[in-house]
Each structure stands twice: as C-alpha cells, then as structure tokens.
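Novice: Quick one, fold the following:
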Amino acid sequence: MKNLRKNKVIIVSLLVLILFMGGFFTGKVVFQEKKVTIPEHILNEFNSIYEQEQEETILCLVGERNLKGWKIIDTISPEIISNGENTIEYESCGTLNRNDIIGTWHNHKNGLCELSDSDIFAFGQDYAIYKIELSMVQCDRNRIGIFTKDIINREGYTFEQDTLEFEVA
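Specialist: Numbering: from 1, shown residues only. Modelled structure (predicted):
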C-alpha cells in the first residue's frame, strides 16, 4: 500500500513537472516577438522602387507564416488604378486569389513609416475579406514600418514603438 501511494506521488509530480516545462517552452515560442524575414534581393527591390518612384506605389507580398513570424518569398505588382505623390488606388492583393499573399508594401516619400487613415482602412478591408496579415510602409532607405491588425488595434501606435522588426536573409 505504501509503494502504491509513493508511486502515485511520483507519477503526479512527474506530470506536473512535464506540464510546467512544456508550458514554459511552448509559451516561449508563442510569446516570442514576431519578425518578418525579407530576402536581400527583395529589400533591394523595395529600396530601388522607393528611391526611383516619386508617386506612391504598392506591391503584394508573397510568402508564408512560420513560428518566428512571416517570410517574404516574392512580390507581385497589383493593378494600379490611379496614384499620386501621397495617394494610390489599386486592386486589392486579395483579388489575385492566392493563398500565399501575406501582406502589402507601399512607399511614403518623405513621410512617416506609419499607416495613414486611408492605409488603415484599406488594410482593415484586406484583413477582413482576404486575411492579409501585414501592411508595410517604407519611408526611407532600409526603413520600413511593418504592422499587423493587433498593432493597429492598440491605441496610439507609432513606428518607433510598435513596428515589427525585420531581418534580412
């Protein structure tokens, strides 16, 4: 009888330890800050477009979601209906009917790396209808604000404090 009670205590203790350690390690992965991986040739493409284009332009981001965040694999130019220095009207990247569209990139010449009100509205529609998860805005060479729905839903987000980080691969 003593051995049975002792074995139960050992088994329960081991289960608690396993659950604690498993929760620690999985929690670490789940709550780790997400990043966007951008291949060097795509970052060079972003920089080139930013430096050459005087009008606002946009790209659809092809990629995948992983435990670390998102990885951009390619870009596609959507149909642009009209654009100017601070505005753009375009066909949503979601209308491409692809499962691998993870976001959009656009430029703000001499602007902020933050989404304007119209950018937030367009991103909200893309997220609600097509589940497009990222909105990126470039405001200088190698300076990109990257936003998700969760970041935008926070009150008073700013580029310096709330943008996702990116790494060049």
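Novice: so how far is D117 from Q52?
Specialist: Counting by CB to CB, to the nearest Å, the separation of Q52 from D117 is 27 Å. In short, each C-beta sits where N, CA and C put it, glycine included.
Novice: Can you give me the buried ones in the helix or strand harbouring F121?
Specialist: Assigning secondary structure by DSSP states H and E places F121 in helix 117-130. By 16 or more other CB atoms under 10 Å, the buried positions in helix 117-130 come out as D119, A122, F123, D126, Y127, Y130.
Novice: Centroid-nearest residue for this protein?
Specialist: Central residue check for the chain by CA atoms, centre = their mean: the C-alpha nearest the mean position is that of L134, 4.0 Å away.
Novice: give the contact list for it.
Specialist: The neighbours of L134, taking CB atoms under 8 Å, 6 or more residues apart in numbering as the test, are V36, L61, W70, I102, G103, T104, I146, F147, T148, L164.
Novice: one more time with 6 Å, if that's ok
Specialist: For L134, the set of contacting residues under the criterion of CB atoms under 6 Å, 6 or more residues apart in numbering consists of I102, G103.
Novice: what pairs with it across the strands?
Specialist: Judged by DSSP bridges, the bridge partners of L134 are G103.
Novice: ok, V137 to N99 distance?
Specialist: Separation of V137 from N99 (CB to CB) stands at 24 Å.
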